[in-house]
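>>> Coordinates only, no sequence provided:
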RNA sequence: GCGCCCGUAGCUCAACCGGAUAGAGCAUCCGCCUUCUAAGCGGACGGUUGCAGGUUCGAGUCCUGCCGGGCGCGCCA
């Protein structure tokens, strides 16, 4: 059940081969000139270059072999040797019937499923989530869903930072404020003991409030900093009081993070953190040492990762600091080892800010050297930063960082306002209205992000994102909801879908767009670039909207109505599927 | 200083191993609701793809240099 692009591609390949031209050049793509054709192949041009032959001659010969293909209504040669293919309406109708009957809406599954782990790059315990965390979660979630849908076994790991200096700072700050907690920290003797009631009173709001203060004071006050470092070391040595208090920090943070992320339609399979691999570090260091990879340098222990042909000298991986402690990269390397044992992934995708590209290159090289992963199994997909409309990293109007939860609420409020303005959902129960506003808000935020290529930075413009007109998430939801409304009415009137017939231009375009789904998915999958899928979802919505405007459905004659209901149903299924892969949920009505 | 990324319409962004006339949305202007949701549809306007060379039948895409912007460069994570 392949798409037209592929099946026609196979036909053109066969024709190329029969003409003694390398078949791999016969790539068929959607036409650049929809006025002339549905699909094109530029292969004759490439072949002519390689074989030293005339491109038009090759194209003419190939076209002669395709003339009798019943799926094609015309085969023409244009320009220097473009092969222009137009698909017969009957073939389009047949393909539409296929897509309509397919639960996967015309999408193929991966031929060889792999085990894939998606690392979301880790929010930190106690550091509030801000808009900078938005991209990692939005892109990571989409990549996870995309890989899972294509058939891979996928695990998404939050991988949050829960084991560093910020924990020592917080332990100190909480103890300073609560003498009873400080006393308990001194007396507890079992790190696995139930969390005492006094500790359970510590909330995320407390951590949010204390962390900036403690962090600032640690920078100014060496005594304060030294105590925080000592507490960090105590925690890492599993000092019972510190450890139990830390468990409380971790628990309240995880609950809040899970809630905030869930509101965004982002859910993790694993809640692993840096602390989970701490126990592996001594063993790993011994292993690196035994493999002769560890080198003493300036009092620290490092792994050199420079390679011949590097354009510059890459810094080494710092495994043990001169103070004897594990570093950022140490934990990342241990995590690779841990994942190999727990899951043995074929591919690990790190969805992290582009600024950390060098860091990951260093860690990956060290992992390859140590044999914790095979070359190429670790991949960092970087993304650009979110800037404000002034081009600088995003700040609120007051100049502070915008918390993720506040951003979601702001967008949701805008969604409510716009829904009311448009008179949408006004007769619905309050809970459903609120649910719709939430979905509209998430769609707006996610689609705005995912329609950009992840590698580039983009401007975060709240006003534009909440305008909800044109190429936006809410537009996509609106189209989906219009189809749902239509299908409900058809059901109520007893109108049944039936075989597709393609006659109108809008119908042709809709079917061709439906057919392009698998290609968009494949591109998004191969490049780890959800914007290809976002683009398809938009085109599909547009194609549907034009069809909806041009082709009356319920008032059409029964056979035509049945055909159009099938098209509408297929469009809806594919659109909802695409939206789901982008991490966007669709309401039933609005 | 070295390295990485980016520069496309007034603004925000696309562009399928190099292909035909570089596409969308916003903004501006003009049309379309007594028929399935107008957050919609149709149309107009808008480009020397930062600059200069090179490779190629063909370059936004590849190569070189320059200009402009962002980011990174061992004991934070």
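Yes, it's here. In this text, all values refer to a predicted model and were calculated from it rather than measured experimentally. Residues are numbered from 1 along each chain as shown, chains lettered A, B, ... in the order given.
>>> Backbone dihedrals for residue A:154, both of them.
Per-residue torsions, residue A:154: phi -120, psi 140 (degrees, to the nearest 10).
>>> quick one: it and residue A:585, what's the gap?
Per Cβ to Cβ, to the nearest Å, residue A:154 is found 19 Å from residue A:585. (Each C-beta comes from the backbone N, C-alpha and C, glycine too.)
>>> burial count for the residue of chain A found nearest RNA strand B?
The minimum distance from chain A to RNA strand B, using Cβ to the nearest atom of the strand, falls at residue A:470 (2.0 Å). Residue A:470 has 9 neighbours, counted by other Cβ atoms under 10 Å.
>>> next one: residue A:338
18.
>>> do residue A:423 as well
Neighbours of residue A:423 using other Cβ under 10 Å come to 8.
>>> Helix, strand, or coil at it?
Recorded secondary structure, residue A:423: coil (DSSP: H, G, I helix; E, B strand; the rest coil).
>>> hey, where'd the strands end up in chain A?
In chain A, the strands defined using DSSP state E lie at A:28-30, A:39-41, A:72-78, A:82-87, A:115-119, A:153-157, A:294-297, A:300-303, A:317-320, A:347-353, A:378-383, A:386-387, A:458-459.
>>> Rebuild those as JSON lines, extending it with mean neighbour count.
Output for the strands of chain A, formatted as JSON lines (neighbours: other Cβ atoms under 10 Å):
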{"stretch": "strand A:28-30", "mean neighbour count": "17"}
{"stretch": "strand A:39-41", "mean neighbour count": "24"}
{"stretch": "strand A:72-78", "mean neighbour count": "17"}
{"stretch": "strand A:82-87", "mean neighbour count": "22"}
{"stretch": "strand A:115-119", "mean neighbour count": "24"}
{"stretch": "strand A:153-157", "mean neighbour count": "21"}
{"stretch": "strand A:294-297", "mean neighbour count": "14"}
{"stretch": "strand A:300-303", "mean neighbour count": "20"}
{"stretch": "strand A:317-320", "mean neighbour count": "22"}
{"stretch": "strand A:347-353", "mean neighbour count": "22"}
{"stretch": "strand A:378-383", "mean neighbour count": "20"}
{"stretch": "strand A:386-387", "mean neighbour count": "18"}
{"stretch": "strand A:458-459", "mean neighbour count": "16"}
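>>> okay if I get the ones you listed as JSON lines plus mean pLDDT?
Listed next are those as JSON lines, based on pLDDT from 0 to 100:
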{"stretch": "strand A:28-30", "mean pLDDT": "93"}
{"stretch": "strand A:39-41", "mean pLDDT": "94"}
{"stretch": "strand A:72-78", "mean pLDDT": "93"}
{"stretch": "strand A:82-87", "mean pLDDT": "94"}
{"stretch": "strand A:115-119", "mean pLDDT": "96"}
{"stretch": "strand A:153-157", "mean pLDDT": "96"}
{"stretch": "strand A:294-297", "mean pLDDT": "95"}
{"stretch": "strand A:300-303", "mean pLDDT": "96"}
{"stretch": "strand A:317-320", "mean pLDDT": "95"}
{"stretch": "strand A:347-353", "mean pLDDT": "93"}
{"stretch": "strand A:378-383", "mean pLDDT": "92"}
{"stretch": "strand A:386-387", "mean pLDDT": "78"}
{"stretch": "strand A:458-459", "mean pLDDT": "81"}
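>>> So residue A:185 versus residue A:474, what's the distance?
50 Å.
>>> can you check residue A:188 too?
Taking Cβ to Cβ, one finds residue A:188 at 52 Å from residue A:474.
>>> what does the stretch 301-450 of chain A have sitting close to RNA strand B?
A:302, A:311-312, A:315-316, A:318, A:321-323, A:325, A:327-328, A:331, A:354-359, A:384-385, A:391, A:393, A:415, A:418-419, A:422, A:424-425, A:440 (Cβ under 7 Å from any atom of the strand).
>>> Out of those residues, name the ones that lie in helices.
Among these, DSSP state H puts A:328, A:331, A:357-359, A:415, A:418-419, A:440 in helices.
>>> And these, which of them are buried?
The neighbour-count criterion (16 or more other Cβ atoms under 10 Å) marks A:331, A:359, A:415, A:418-419, A:440 among those as buried.
>>> Give the residue spans of the stretch 1-150 of chain A that score low on pLDDT.
For the stretch 1-150 of chain A, the stretches with pLDDT under 70 are A:1, A:126-128.
>>> Which residues does stretch A:378-392 contact?
A:131-132, A:134-136, A:139, A:143, A:336, A:347-357, A:360-361, A:363-364, A:367-368, A:393-395, A:454-461, A:528 (Cβ atoms under 8 Å, 6 or more residues apart in numbering).
>>> Which of the residues you listed are buried, as a ChimeraX select command?
Selection of buried members from the contacts of stretch A:378-392 for ChimeraX, criterion 16+ other Cβ under 10 Å:
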select /A:131,132,134,135,136,139,143,336,347,348,349,350,351,352,353,360,363,364,367,368,394,454,458,460,528
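>>> per the record, what domains does chain A have?
A:4-87, A:165-263, A:272-383, A:406-581 (automatic domain parsing).
>>> Let me have the strands of chain A in TSV, extended by distance to residue A:14.
Formatted as TSV, these follow (distance: least, Cβ to Cβ, whole Å):
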stretch	distance to residue A:14
strand A:28-30	12
strand A:39-41	12
strand A:72-78	14
strand A:82-87	14
strand A:115-119	34
strand A:153-157	35
strand A:294-297	57
strand A:300-303	52
strand A:317-320	51
strand A:347-353	33
strand A:378-383	35
strand A:386-387	48
strand A:458-459	44
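>>> Tell me which of the ones you listed sits nearest to residue A:432.
Residue A:432 lies closest, by Cβ to Cβ, to one member of those: strand A:153-157, at 29.2 Å.
>>> between the closest one and strand A:347-353, how big is the angle?
Using axes from the mean of the first three to the mean of the last three Cα atoms, to 10 degrees, the direction of strand A:153-157 lies 30 degrees away from that of strand A:347-353.
>>> Now do strand A:153-157: everything it contacts.
With Cβ under 8 Å, 6+ apart as the test, strand A:153-157 has contacts from A:113-120, A:140-141, A:144, A:147-148, A:267-272, A:339, A:343, A:345.
>>> From these, list just the buried residues.
A:116-120, A:140-141, A:144, A:147-148, A:268, A:270, A:272, A:339, A:343, A:345.
>>> Narrow those residues to those in helices?
Those of the buried ones among the contacts of strand A:153-157 lying in helices (DSSP H): A:140-141, A:144, A:147-148, A:339.
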